[in-house]
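**Q** sequence unknown, structure follows:
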């Protein structure tokens, strides 16, 4: 037997919420239902914006879509509300996908204004079309029929909405704490690094919108059959900004924080009536103050407070039968690489060119790296080294030439595809997912499931949790290799520079690559850290991984690399063993200029 | 053909107002990297201040406009000071912070001027002029003339004066500009003042066409912002072109199906942005590597 401590916070919360209506008068019960509904919509927005980083200013319009579709189907066409509900939710998801499509091309404020524009467009349909009842909306929406229960009664309706909320919060929390949420947050923190870690960016941008639509759709349907009247005003800009405020004040990527933010704002709006303008003034000022002084919102403040005064959550010890679990067979940490590909050449770059407007960054660069080699790429600043890495790892598409990876043509493949084929990389200017913990950074890359596996969240949520456990163990083992395990729960951004470099290498290795690209891994490292780095590079290679290093630190290059390629002005000017290269007059010239060649050669 | 020209004239005059709003957005964005959603409400404040001087104090329109420009410019300096912590920060925060500030401005307007709007007469008699079968109203001409003058003044300031050149330098490279002795903080404040002053002009001009109310910022602000993005965010010529295009698209969209002009305009806008992400003139941004 083992003892498991069960947290009492959540059960207590649910009991409190269930008992709440007893203490509320009719109006307050009505407001309570509204609060629950807005929590659902706001959590949806938090998943799109707070987690996915997609600026979505159309969430209120999604909410309206769900409400209107359900209203039209039931009151105009006389559908059964329970039949209309799934159709309405699906329509909302579809609408979210359509509004999300521009996200594949535009981001940040561009996406914000495009989604806001589409929301305005939708609002103009609601106010002008006849099938939506125009500006006066649709009234006499039938209630959701439940046999034996009067669903026009706000107290009864409260429980229906509460049940939906509990389910959706559970889903949101599951997403937030596992693969899907982690991938969304990784994409938010650094799109490029996320792609290089194998995340299919286009799918996840749409998925973020889909989640926003799902939550808004459910809430919209419940809203329509609760108020039983819909009009365009309810889903306009004011509601959008209210939702934004909930998410920001609550703390963008905290489900609990957003729920608290929604509660506060709706309660304030509906219970403090009669002071409209002052109320709006306070609410606006509060948003500005939150953003300026507490950018992480209530959740951030709560976290800081909890660190400072650690009062224990109420928990209950429960004896649990120990389940015999087959011991996890630990795969060797660094030799996670797939059975070393058969071909002798890991990488062949053939006559690759890349131009940026007028500037030729790479001009007919060719390079061959045998499997299992440690290959160095050196050259003066601006010689095209990083551009070459970008082309190999799929971040840039070459203008000409061909890239072969283990004999396979991979020219022009996207970054996530290259990552999935087994190419991992680090970046010259560290690109960690800075708001993720060290362990999460590694877990993002460890987890190689394609996006379609997220269906598990709906079909078999427990399997998500089980895999999560596995990923965490593997991540901790990998971190232990770098003596980073004690920092596993720190936010990556809080680590000292040298440690961050190590985390980045650990993350690159986590996916079990067969080719590792290191872009100036020694930059900013002290002597001891450089020695560690050399050891790591050798160990990685011994595990069967081909390594290509861009480095300015000649000591490191000369002692670790077996062969070098020298770039200057986007062209290969020399290649060979470190010794050969160091004696090549063209290389000396490229580095030191013409006049010095003779003296060097002596 | 006449219909096309006639619609184009209407589109250009609203487009000129959008262009003014868009230039205000862009000049702040390019100098300090702040996407300022409160700009829409500065337009509204500008409209109200003009109306107050024009209708309540019974000053001439030109004088009221100048007073409004000065007052909103001062307001711009205040906003810059408050929002300074948001400069070059996470976009979501900037977005919500400036929207929050816009809400504050809106509620201040409600407290000062009440929540009901005011209808504003045109400052000059609005006479239709007939040229070759086309009708141009004198107020449309006034809008085009005033916007034109403001635009020329802006270009003159940016290209021909020392302060303007310094501001251009900040837009191109903040660090280098600091190293050359440009006072970046003062330059930012000035950019904000100019942007806000232009917002006042836009607000004053659009007042008689719409209805001056605390909520008027939203619609004109969104369209002005969309115009700035369409032209190429941060580019002043882009803002002008974007504004005019937006006005034209809107005018032609409202011809056949006036109820759906917003729908058509914004769907066209979304498509345009999806096809060409950088807008017409590409983005000239603050370097935030």
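**A** Arrived safely, thanks for sending. What you see is a predicted model; the values in this text were computed from it and never measured.

**Q** contacting residues for residue B:80?
**A** By C-beta atoms under 8 Å, 6 or more residues apart in numbering or on different chains, the contact set of residue B:80 is B:32, B:188-189, B:192-193. In this view, the C-beta of every residue, glycine as well, is placed from N, C-alpha and C.

**Q** Now the element after the helix or strand where residue A:167 lies, going C-ward?
**A** Element membership of residue A:167, judged by DSSP states H and E, is helix A:154-177. Toward the C-terminus, helix A:154-177 is succeeded by helix A:179-189 as the next helix or strand (DSSP H and E).

**Q** Among the contacts of residue B:80, which ones are in helices?
**A** In this view, those that belong to helices under DSSP state H are B:32, B:188-189, B:192-193.

**Q** filter the residues you listed to the buried ones?
**A** Among the ones in helices among the contacts of residue B:80, the ones that count as buried by 16 or more other C-beta atoms under 10 Å in any protein chain shown are B:32, B:188-189, B:192-193.

**Q** what about the helices in the stretch 1-150 of chain B?
**A** B:2-32, B:39-51, B:61-83, B:91-113, B:138-160 (DSSP state H, counting those that start in this stretch).

**Q** With respect to burial, which of these scores highest?
**A** Of all the helices of the stretch 1-150 of chain B, helix B:39-51 has the most neighbours on average by mean count of other C-beta atoms under 10 Å in any protein chain shown, namely a mean of 29.

**Q** The stretch 451-600 of chain A: strands as residue ranges?
**A** Along the stretch 451-600 of chain A, counting by DSSP state E, counting those that start in this stretch, strands occupy A:515-519, A:546-550, A:563-568, A:571-576.

**Q** So what's the gap between the second one and the chain middle?
**A** Looking back up the chat, that one is strand A:546-550. Its chain's average C-alpha position is 28 Å from that of strand A:546-550, according to C-alpha atoms, centre = their mean, to the nearest Å.

**Q** quick check: domain ranges of chain A?
**A** Chain A resolves into domains spanning A:21-233, A:343-422+A:515-602, A:428-512 when parsed by automatic domain parsing.

**Q** Could you check how far the longest one is from the centre of its chain?
**A** What it means is domain A:21-233. 20 Å.

**Q** Give me the distance between the two termini of that domain.
**A** End-to-end distance for domain A:21-233: 28 Å, by C-alpha to C-alpha, to the nearest Å.

**Q** Could you confirm whether it reaches chain B?
**A** Yes - applying C-beta under 8 Å from any C-beta of the partner chain, one finds that domain A:21-233 is in contact with chain B at A:49, A:53, A:55, A:101-102, A:104-106, A:108-110, A:112-114, A:116-118, A:120-125, A:128.

**Q** Give me the PyMOL select line for those residues, limited to the buried ones.
**A** This is the PyMOL syntax for the buried subset of the residues of domain A:21-233 next to chain B, where burial follows 16+ other C-beta under 10 Å:
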select buried, chain A and resi 49+53+55+101+102+105+106+108+109+110+112+113+114+116+117+118+120+121+122+123+124+125+128
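
**Q** can you tell me which of the residues of domain A:21-233 next to chain B are in helices?
**A** Per DSSP H, those map to helices at A:108-110, A:112-114, A:116-118, A:120-125, A:128.

**Q** Below-threshold pLDDT in the stretch 1-150 of chain A: ranges please.
**A** A:1-6 (pLDDT under 70).

**Q** Strands along that one, start to end?
**A** Using DSSP E, counting those that start in this stretch, strands in the stretch 1-150 of chain A cover A:2-7, A:138-139.

**Q** buried set for stretch A:428-441?
**A** A:430-441.

**Q** Let me know the average pLDDT across that stretch.
**A** Stretch A:428-441 shows a mean pLDDT of 92.

**Q** what does stretch A:296-312 give?
**A** So the average pLDDT for stretch A:296-312 ends up being 78.

**Q** does it come close to chain B?
**A** No - Stretch A:296-312 lies out of reach of chain B by C-beta under 8 Å from any C-beta, never closer than 9.8 Å.

**Q** Does residue B:207 touch residue B:53 like I think?
**A** No - the pair residue B:207 / residue B:53 is not scored as a contact, 11.8 Å apart, by C-beta atoms under 8 Å.

**Q** Looking at these two, which is more packed in?
**A** Counted by other C-beta atoms under 10 Å in any protein chain shown, residue B:207 and residue B:53 do not tie: residue B:207 has more neighbours, with 27 against 21.

**Q** Next, find the distance separating the more buried one from residue B:72.
**A** Distance, residue B:207 to residue B:72, by C-beta to C-beta, to the nearest Å: 13 Å.

**Q** what's the answer for residue B:141, then?
**A** According to C-beta to C-beta, residue B:141 stands 24 Å off from residue B:72.

**Q** Show me the shaky parts of chain B.
**A** B:88-89, B:256-258, B:282-289.

**Q** got a list of what residue 220 touches?
**A** Just so you know, I chose chain A. A:41, A:62-70, A:88, A:92.

**Q** that's the wrong chain, I wanted chain B
**A** Residue B:220 touches B:17-18, B:21, B:40, B:43, B:202, B:206, B:210, counting by C-beta under 8 Å, 6+ apart.

**Q** Look at the residue in the stretch 401-550 of chain A that chain B sits nearest to and tell me its secondary structure.
**A** In the stretch 401-550 of chain A, no residue comes nearer to chain B than residue A:429, which is 8.0 Å away by C-beta to the nearest C-beta. At residue A:429 the chain is in coil, as set by DSSP: H, G, I helix; E, B strand; the rest coil.

**Q** same question, residue A:281
**A** Judged by three-state DSSP, the three-state class of residue A:281 is helix.

**Q** and it, how many residues sit next to it?
**A** Around residue A:281 there are 19 other residues, counting by other C-beta under 10 Å.

**Q** before we move on, what about the one 10 residues further on?
**A** Applying other C-beta under 10 Å, we find 27 other residues in the vicinity of residue A:291.

**Q** so it is in which element?
**A** Counting by DSSP H and E, the element that carries residue A:291 is helix A:276-293.

**Q** Kindly reformat the contacts of residue B:220 as TSV containing distance to chain A.
**A** TSV is the format used below for those (distance: C-beta to the nearest C-beta, whole Å):
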residue	distance to chain A
B:17	17
B:18	13
B:21	13
B:40	10
B:43	15
B:202	18
B:206	17
B:210	16
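
**Q** list the contacts for residue 36?
**A** Unless you meant another one, I'm taking chain A. A:158, A:161-162, A:165.

**Q** actually chain B
**A** For residue B:36, counting by C-beta under 8 Å, 6+ apart, the contacting residues are B:25, B:28-29, B:79, B:83, B:98, B:195.
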